[in-house]
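Student: I'd like to go over a predicted model; first the sequence, then the structure.
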Amino acid sequence: MTSEPNKLVHAGPEDGWHGVVAPASRFAPESGRYHLYIGYFCPFAHRVNLVRVLKGLDSAIDISVVKAYPKGETGWSFPGANGPDDTYEGSTPDKLFGSKYLREVYFRADKDYKGKYSVPLLWDTKEGTAVNNESIEMLRWFQTGFDEILPQGSPQRSLTLYPEHLRAKIDEVAAWVTRDLNLGVYRAGFARDQATYDKNVIPVFAALNQLEQLIRKHGGPYVLGKELTELDVLAYTTVIRFDVVYVQHFKLNLGTIRGNYPVILEWLKNLYWNVAGFRETTNFKHIKENYTKSHSDINPLAITPLGPYPDIDSGVDLNFDAIDPGVVAHPAVLEHQKTLPDV
């Protein structure tokens, strides 16, 4: 992850944007100056919006929310793109420009842009250009970039998800969580043949096995114990989608969170029900309908399953020491788990 305020922002039409909001830089922290484009369905946009809320930047950085589907050749759209009856609960118009499609915003920053029209996208209204569309970069510098506009002594200003004494461990764990879990679900889910699926489904459950052990070892309620860190954000935005989408839609059915991972389940429920920001940034309707109605090759009839029910269980047990860790004991999963760093 980078947090260099002087890094080249945009190298050209083939590149994304890599700007950093930081004091005394081109993109200085100012309330109302920046606007964030997101989709509630996207785990990568979710992680940035979540940090935005955790840091108390709700009023300083407004959001525009694209519809969950359809994506189509023109990319993600805003309500009204196909006429006045084109509405979708929870989405918003493009509050800055009234665009029909997200790609129109990208072209305002670079008329020759040839990359993906992805969320999240942070826009600078002062310079009239994109700042950043790389979620892993924003996840890091959103934690500190706006601190000077937050009240002195407030918990939001002092919040960091990358504390110095845990950085080595965060970096170590984030490497395999990102590779095998965050990205792994897509490698398996978008597999075009049996061999590719068989290969890529294994690391996902090895990572879940390891995450189960990691939370249990540190005693919860967070991945590394008593402090909320980037690891909780990285893991949450994938795990909250696991049972409701990935198990059936991406054929990740070697196990479920609620059925096979009791430690992860309590960790997940605690974040959702007890930690402000997590529930508020999670929209199950957008999540379920995006995947099931946007991937015609995977789900050609675009039918969205009713289950599982409920989307997430209520009731939280924070006595992690008393929970016996679960495991998906498929031989190939256990073998891959041996390659991961010790918890």
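Tutor: Alright, I've got the coordinates.

Student: the stretch 1-150 of the chain: helices as residue ranges?
Tutor: Remark: helices assigned in the stretch 1-150 of the chain by DSSP state H, counting those that start in this stretch are 43-54, 102-109, 135-141.

Student: right, so those helices: which one is the most enclosed?
Tutor: Mean neighbours per residue, mean count of other Cβ atoms under 10 Å, is largest over these for helix 43-54, with a mean of 24. C-beta: built from backbone N, CA, C; applies to glycine.

Student: that one - what's its average pLDDT?
Tutor: Throughout helix 43-54, pLDDT has a mean value of 98.

Student: the residue nearest to Leu181 when sequence neighbours are not counted: how many residues sit nearby?
Tutor: Excluding its sequence neighbours, the residue lying closest to Leu181 (Cβ to Cβ, 6 or more residues apart in numbering) is Ala207, at 4.2 Å. Neighbours of Ala207 under the rule other Cβ atoms under 10 Å: 27.

Student: please apply the same query to the one 5 residues further on.
Tutor: For Glu212, the number of neighbouring residues by other Cβ under 10 Å comes to 24.

Student: what of Ala81?
Tutor: Residues contacting Ala81 under the criterion other Cβ under 10 Å number 18.

Student: next up, the contacts around the residue nearest to Leu181.
Tutor: Contact partners of Ala207, counting by Cβ atoms under 8 Å, 6 or more residues apart in numbering, are 176-177, 180-181, 184, 340.

Student: mind giving me a markdown table with the residues you listed and columns for secondary structure, pLDDT and distance to Leu139?
Tutor: As requested, the contacts of Ala207 are exported to a markdown table (DSSP: H, G, I helix; E, B strand; the rest coil; pLDDT from 0 to 100; distance: Cβ to Cβ, whole Å):
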| residue | secondary structure | pLDDT | distance to Leu139 |
| --- | --- | --- | --- |
| Trp176 | helix | 98 | 17 |
| Val177 | helix | 98 | 12 |
| Asp180 | helix | 98 | 18 |
| Leu181 | helix | 98 | 15 |
| Gly184 | helix | 98 | 18 |
| Leu340 | coil | 98 | 22 |
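
Student: domain ranges for this structure?
Tutor: 34-158, 164-337 (automatic domain parsing).

Student: so which of these comes closest to Ala28?
Tutor: domain 34-158 (8.9 Å; Cβ to Cβ).

Student: now the end-to-end length of that closest one.
Tutor: 21 Å (Cα to Cα, to the nearest Å).

Student: same question for stretch 176-187.
Tutor: 14 Å.

Student: go on, stretch 278-285?
Tutor: With Cα to Cα, one end of stretch 278-285 sits 15 Å from the other.

Student: hmm, back to that, output the domains of the chain in a markdown table; the columns should cover distance to Ser25.
Tutor: Compiled in a markdown table, the domains of the chain are given as follows (distance: least, Cβ to Cβ, whole Å):
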| stretch | distance to Ser25 |
| --- | --- |
| domain 34-158 | 9 |
| domain 164-337 | 22 |
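
Student: ok, now which ones touch Leu211?
Tutor: Contacts of Leu211 by Cβ under 8 Å, 6+ apart are 177, 181, 223, 235, 261, 264.

Student: mind running it again at 10 Å?
Tutor: Neighbouring residues of Leu211 by Cβ atoms under 10 Å, 6 or more residues apart in numbering: 173, 176-177, 180-181, 223, 231, 235, 239, 261, 263-264, 267, 340, 343.

Student: could you pull out the strands in the stretch 51-200 of the chain for me?
Tutor: 62-65, 121-124, 129-132 (DSSP state E, counting those that start in this stretch).

Student: just those strands: most buried one?
Tutor: Highest mean neighbour count among those (mean count of other Cβ under 10 Å): strand 121-124, with a mean of 25.

Student: what lines up beside that one in the sheet?
Tutor: strand 34-38 (antiparallel), strand 129-132 (antiparallel) (DSSP bridges).

Student: those strands: which one's closest to Lys114?
Tutor: strand 129-132 (14.2 Å).

Student: contacting residues around the closest one?
Tutor: Residues contacting strand 129-132 (Cβ under 10 Å, 6+ apart): 7, 9-10, 16-21, 26-27, 33-37, 48, 105-106, 108-110, 113, 120-124, 138, 141-142.

Student: for the chain, longest helix please?
Tutor: helix 194-218 (DSSP state H).

Student: how about that helix: buried residues?
Tutor: 197, 200-216, 218 (16 or more other Cβ atoms under 10 Å).

Student: check which element follows that helix along the chain.
Tutor: helix 230-239 (DSSP states H and E).

Student: ok now that following helix, how far from the chain's centre?
Tutor: 7 Å (Cα atoms, centre = their mean, to the nearest Å).

Student: can you list the weak-confidence ranges in the protein?
Tutor: 1-7 (pLDDT under 70).

Student: now with 90?
Tutor: 1-8, 72-74 (pLDDT under 90).

Student: hmm, back to that, save the strands of the stretch 51-200 of the chain as JSON lines, and put in distance to Pro93 too.
Tutor: Formatted as JSON lines, the strands of the stretch 51-200 of the chain follow (distance: least, Cβ to Cβ, whole Å):
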{"stretch": "strand 62-65", "distance to Pro93": "7"}
{"stretch": "strand 121-124", "distance to Pro93": "14"}
{"stretch": "strand 129-132", "distance to Pro93": "19"}
